[in-house]
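Participant: What shape does this take:
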Amino acid sequence: MPFYKAYGLNISSEIELPELSVAEKTANIDLFISVGTIDVPKLRKTPIHRRGIQAYQGVDDAGNLILHWDQIAAFKAVEGNQLVISPLTQDSNLLSLFTISEALAMILFQRGYFLLHASAVKVGNEAWCFMGIPGAGKSTTAAAFVKSGCSLLSDDLTVIRFDEDGKAFIIPGYPQLKIWDNSVDGLNYDRAALQPVSEGVNKFSFRPKGEFSLDPVALGSIFVINKAKNRPEQQKLSASEIPIETLKNFPLPTSFLKGKYLQDHFRQSFLCAKSADMWRKRRPNGFELLEKWVNGSIASKSDIFLHAL
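Facilitator: Down below sits the predicted model:
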């Protein structure tokens, strides 16, 4: 049975998850992923689509969270430590793709982590996070930072935990960055180092060279990426905007955020704001300007670090 490590969890899985970091066998398993039968309750449509297929969600009588994609699989998250998969396809690559996205996010949500539909990189000694609506440029921005030497922390799903003092840390996910076809050319990535992904769109995966660090990184900045020409190039989020933006970028159905879970989401939003600068950032127009902003940001962080010595 394969063993993996992702988002700080030791994972034992009955299906192969090649995107994740392979781990040594251990008795201290945080998450068991098994294949089984799921009694699916009444389901409701969600706004979540993956590979062009709409997700449906539900909660069973025991309070377990369920996501279902027609012709792919149903997933049941149990108490933050068990993910049951009921496959509807024989395509192992598709099963893995859907498992490590929203399905795994349900487990992390049950464990109390703060989740964002976002990409994150390490700039200097801190984590920078990029979120925004689909197509805003989250992954492209992260890819530009990775190309300039920054370490990848997460792509698509960013997981944040808080220490006893309320300080926010990003928990690294797994060593894969998905890049759009035009970004591959615009950022001059080597196509020979890329693999097509089963997203149903023209995307490629890039696995950074070297060891992928699984150590948490202190959160330094969150950017809400947009393309709106009528907005300032960069502007700090107001206190009232912070929980709204994080709610917009919650990676699971917002119907899961009921009662205490909704209260926790708002509380954790403000804890993030206490730990990090939160900006609304207009994506630079064109890859040349994007790389100019990226390199200037990295240089600025390096100067601050040198002055602190």
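
Participant: for the stretch 101-250 of the chain, what spans make up the helices?
Facilitator: For the stretch 101-250 of the chain, the helices defined by DSSP state H, counting those that start in this stretch occupy 104-110, 138-147, 181-186, 241-248.

Participant: what would those look like in CSV with mean pLDDT?
Facilitator: Converted to CSV, the helices of the stretch 101-250 of the chain look like this (pLDDT from 0 to 100):
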stretch, mean pLDDT
helix 104-110, 98
helix 138-147, 94
helix 181-186, 91
helix 241-248, 94
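
Participant: Pro284 is nearest to which of those helices?
Facilitator: Nearest to Pro284 among those is helix 138-147 (9.1 Å), distances taken as CB to CB. Bear in mind the C-beta positions are built from the backbone N, C-alpha and C, glycine included.

Participant: what sits against the residue most central in space within the chain?
Facilitator: For the chain, the residue sitting closest to the mean C-alpha position, by CA atoms, centre = their mean, is Leu157 at 1.0 Å. Applying CB atoms under 8 Å, 6 or more residues apart in numbering, one finds that Leu157 lies in contact with Ser101, Leu104, Ala105, Leu115, Leu116, His117, Ala118, Gly173, Pro251.

Participant: From Ile38, how far out is it?
Facilitator: Leu157 sits 22 Å away from Ile38, going by CB to CB, to the nearest Å.

Participant: same question, Pro216
Facilitator: 32 Å.

Participant: Strands along the stretch 1-150 of the chain, start to end?
Facilitator: Assigned strands in the stretch 1-150 of the chain, in chain order: 3-6, 9-13, 21-22, 31-35, 44-50, 53-59, 65-69, 73-78, 82-87, 114-123, 126-131 (criterion: DSSP state E, counting those that start in this stretch).

Participant: Dump those into TSV; add mean pLDDT as well.
Facilitator: Shown next, in TSV, are the strands of the stretch 1-150 of the chain (pLDDT from 0 to 100):
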stretch	mean pLDDT
strand 3-6	96
strand 9-13	97
strand 21-22	92
strand 31-35	97
strand 44-50	94
strand 53-59	95
strand 65-69	97
strand 73-78	98
strand 82-87	98
strand 114-123	97
strand 126-131	96
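
Participant: Please name whichever of the ones you listed is nearest to Pro243.
Facilitator: Nearest to Pro243 among the strands of the stretch 1-150 of the chain is strand 114-123 (11.5 Å), distances taken as CB to CB.

Participant: Next, the angle strand 44-50 makes with the closest one.
Facilitator: For strand 114-123 against strand 44-50, the angle by axes from the mean of the first three to the mean of the last three CA atoms, to 10 degrees is 10 degrees.

Participant: Give me the angle between strand 114-123 and helix 138-147.
Facilitator: 30 degrees.

Participant: Direction included, what does strand 114-123 pair up with?
Facilitator: Here strand 114-123 is paired, per DSSP bridges, with strand 126-131 (antiparallel), strand 151-154 (antiparallel), strand 157-162 (antiparallel).

Participant: Val294 is nearest to which of those strands?
Facilitator: Per CB to CB, nearest to Val294 of the strands paired with strand 114-123: strand 126-131, 10.1 Å.

Participant: Centre of the chain to that closest one, how far?
Facilitator: 11 Å (CA atoms, centre = their mean, to the nearest Å).

Participant: got the CA coordinates for it in CSV?
Facilitator: Extracted in CSV, the C-alpha atoms of strand 126-131 (Å, rounded to 0.1, in the frame of the first residue of the first chain):
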residue,chain,number,x,y,z
GLU,A,126,8.0,34.0,4.2
ALA,A,127,5.1,32.7,2.2
TRP,A,128,3.2,34.7,-0.4
CYS,A,129,-0.2,33.5,-1.4
PHE,A,130,-2.1,34.3,-4.7
MET,A,131,-5.9,33.9,-4.9
